[in-house]
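>>> Give the three-dimensional model of this entry:
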Amino acid sequence: MADSEELNLNNLYEGVDVNTLGGGGLYDGVAGIVEKHPDTLLYKDTIIVQQGGMLRTDYGTWYFQTGDPAYCLCSVEERTRKQAVFSDNWAQDTTPLDQGGLSEKFTLTIAAPEWHGDINTVLWYEGNLYEVDGAPSNLDSGSSMVNHWEIQARRVMVDEFSPAHVPPPAVPEGSRTWGT
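Numbers count the residues shown, from 1 in each chain. Next comes the predicted model:
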């Protein structure tokens, strides 16, 4: 390189046809490079998600799962609250004390960068079964780094106390993970 030439690192491959270099991404075809998700709070947990449907007939309502289960990268915040005086809609609870009293309600607040579920979606987190409680909310008012879906879910089965022991479904090999 002559003394008059400057090395411009801002445009390292300017004037070079990338196809002559192999094309694609910088590390495509290089062994040992694993694709990773961003190292942010939105990607710290993994849940198993399965979409569902609902069928109403004269004999009752049935919930069923549709499609294959999938992994979802997200952030999970667990919350426990005790229901005593007020019910879910904040009306005064008139249930007699001999029919329950305090009841434990365990909920999750999930923040996921990608969500394809709806109100009939079920999910597994740490072996427990949850169902989505309300419609998912798309919170896209911030920057692209913090855009996410917020999902509320309530626990419907505790694995260690369940006599039925419903294991999480097996996610098919090679299936796409939500959030990647």
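>>> CA only for contacts and neighbour counts going forward, please
Will do.
>>> partners of Arg154 in the sheet?
Beta-bridge partners recorded for Arg154 (DSSP bridges): Thr107, Glu131.
>>> need the contact list for it.
Contacts for Arg154 (CA atoms under 8 Å, 6 or more residues apart in numbering) come out as Lys105, Phe106, Thr107, Leu108, Tyr130, Glu131, Val132, Asp133.
>>> With respect to Pro167, which of those residues is nearest?
Each of the contacts of Arg154 was scored against Pro167 by CA to CA, and Tyr130 proved nearest at 12.4 Å.
>>> Surely Pro113 is in contact with Ile151?
No - look at Pro113 against Ile151 with CA atoms under 8 Å: they stay out of range, at 11.0 Å.
>>> Where does the prediction get shaky in the chain?
Along the chain, the parts satisfying pLDDT under 70 run over 1-14, 18-19, 21-29, 33-35, 81-104.
>>> where along it do the strands fall?
With DSSP state E, the ranges of strands along the chain come out as 45-50, 52-57, 60-65, 70-83, 103-112, 122-125, 128-132, 137-139, 148-157.
>>> Can you tell me how far Trp115 is from Asn138?
From Trp115 over to Asn138 the distance is 9 Å, taken as CA to CA, to the nearest Å.
>>> neighbours around the closest residue to Lys44 other than its chain neighbours, how many?
Leaving aside its chain neighbours, Lys44 sits nearest to Ser75 (5.6 Å; criterion: CA to CA, 6 or more residues apart in numbering). By the criterion of other CA atoms under 10 Å, Ser75 has 20 neighbours.
>>> my read: His79 touches Phe106, true?
Careful, residue 79 is Arg and not His. Yes - under the criterion of CA under 8 Å, Arg79 makes contact with Phe106 at 5.9 Å.
>>> These two: who's more crowded?
A direct count of neighbours by other CA under 10 Å for Arg79 and Phe106 places Phe106 higher, at 15 against 11.
>>> what residues are up against Ser144?
With CA under 8 Å, 6+ apart, Ser144 has no contacts at all.
>>> Pairing partners for Met54 in the sheet, please.
Beta-bridge partners, per DSSP bridges, of Met54: Tyr63.
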